[in-house]
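Undergrad: Predicted model and sequence below, questions to follow.
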Amino acid sequence: MFLERGFDGTTMEAVAQAAGVTKRTLYARYSDKRTLFAAVVPWAMSRHGDEPVPDVGGEDLAAALTEIGRTALARATAPDMVRISRMAMAESERFPEFARSAETLTWSPRMRAVMDLLRRHADEGTIEVDDVETAAEQFLALVSAFPARLAAFGVTRAREVEERRLDAAVRLFLNGVLPRR
């Protein structure tokens, strides 16, 4: 309902009707539309983060980063995720708590997978990373931040273009973490 009509265009009555519950039941759980909206947006954003992260247990760091990057890119440009992100940004002044919940979303399964992968390779000495959390965040931003921004403006790239840019992002990231000999 919020995606279709926005915050201002959505009523508690319409939400109750769409959910098949009485307004009384809805108000028993959410005291007002603001409380409902503040609960729905972070839930919807985290729900879209539940896509499985590929198993990247192999020794090929570039291949593992590419697979994780591919899933991050798909999530960042998925139409529902783009719509939810747009809505959250549009209402962020009214809902400053979205910024706090967005910060916790960085600890997604994908973020943990990159951190685990980098930590394992750092322990083996195949890469040099002082702060795996920062490096994982930077990798995911390198791969998906700009495509997500383009998607927010309705611009999508062809799959082969995104693959080429993903490959370039992985190579650039690896150039920063591979040991200098």
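TA: The structure has been received and is ready for your questions.

Undergrad: From Glu160, how far off is Leu172?
TA: Using C-beta to C-beta, to the nearest Å, one gets 19 Å for the distance from Leu172 to Glu160. For glycine as for every other residue, the C-beta is placed from the backbone atoms N, C-alpha and C.

Undergrad: what do you get for Pro42?
TA: 34 Å.

Undergrad: okay, these two: which has more neighbours?
TA: Pro42 (19 against 8; other C-beta atoms under 10 Å).

Undergrad: end-to-end on stretch 84-96?
TA: 16 Å (C-alpha to C-alpha, to the nearest Å).

Undergrad: For the longest helix along the chain, what does the pLDDT average out to?
TA: Secondary structure of the chain per DSSP state H: the longest helix is helix 132-152. Averaging pLDDT along helix 132-152 yields 95.

Undergrad: helices or strands next to it in the packing?
TA: helix 61-77, helix 79-90, helix 109-124, helix 159-177 (3 or more C-beta pairs under 8 Å, 6 or more residues apart in numbering; DSSP states H and E).

Undergrad: what's the shortest one packed up against?
TA: Which is helix 79-90. Against helix 79-90 (3+ C-beta pairs under 8 Å, 6+ apart) you get helix 2-9, helix 33-47, helix 132-152.
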